[in-house]
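*Asks:* need a structure here:
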Amino acid sequence: ERDGSHVEVEPLCVLDFYIHESQQRRGLGRELFREMLQRERVQPEKLAVDRPSEKLLGFLRKHFGLCDLIPQVNNFVIFEGFFSTRTAPARRPFPRPRPEEPIKPYSLSERDCKGRGRGQWAWPVGVVSG
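*Replies:* Purely as a prediction, here's the structure:
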């Protein structure tokens, strides 16, 4: 988000699309895009756009008022309002740090070094295999 906090979501993503030059400036792109929004039941500001071209950004600005973009580190662009009504995912708290205590090597921990009986260890001590 703008404040630098990170939220992981799986939004509907849009790639650039193209209307053949002979058919441009007839409203077909706007009609196509509106149909997609209606079928997907999504508002335009809730989309993530993958590497948008300048033409696509101009199209979104002109027809849907999407001008305040927020670039993401993964080359996607989202727009102001993307998080406005989204329910926040359950955030897992970071584990609390343990109080400082000395680190014991595994082989020297008390539970592993106890003998099984007189002179018998839980593993061969000092034995070197050939």
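*Asks:* residue ranges with poor pLDDT in this protein?
*Replies:* 1-2, 85-130 (pLDDT under 70).
*Asks:* how about 80 then?
*Replies:* 1-7, 84-130 (pLDDT under 80).
*Asks:* those strands in it, which residues are they?
*Replies:* For the chain, applying DSSP state E gives strands covering 13-14, 48-50, 69-71, 76-79.
*Asks:* check which helices and strands the second one sits against.
*Replies:* Spelled out, that is strand 48-50. strand 13-14, strand 76-79 (3 or more Cβ pairs under 8 Å, 6 or more residues apart in numbering; DSSP states H and E). C-beta coordinates here come from the backbone N, C-alpha and C atoms, glycine included.
*Asks:* show me where this protein has helices.
*Replies:* Counting by DSSP state H, the segments of the chain that form helices are 28-40, 54-64, 110-113.
*Asks:* can you pull the buried residues of the first one?
*Replies:* Residues 29, 33, 37 are the ones in helix 28-40 that count as buried (16 or more other Cβ atoms under 10 Å).
*Asks:* deepest of the strands of the chain, which one?
*Replies:* Neighbour counts (mean count of other Cβ atoms under 10 Å) averaged over each of these peak at strand 76-79, with a mean of 20.
*Asks:* so residue 59 makes contact with residue 27?
*Replies:* No - the pair residue 59 / residue 27 is not scored as a contact, 11.5 Å apart, by Cβ atoms under 8 Å.
*Asks:* JSON lines please, covering the helices of the chain and showing distance to residue 10.
*Replies:* JSON lines is the format used below for the helices of the chain (distance: least, Cβ to Cβ, whole Å):
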{"stretch": "helix 28-40", "distance to residue 10": "13"}
{"stretch": "helix 54-64", "distance to residue 10": "21"}
{"stretch": "helix 110-113", "distance to residue 10": "44"}
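*Asks:* ends of stretch 43-53, how far apart?
*Replies:* Start-to-end span of stretch 43-53 (Cα to Cα, to the nearest Å) is 20 Å.
*Asks:* and if you look at stretch 14-33?
*Replies:* By Cα to Cα, the extent of stretch 14-33 from end to end equals 10 Å.
*Asks:* cheers, nothing more for now.
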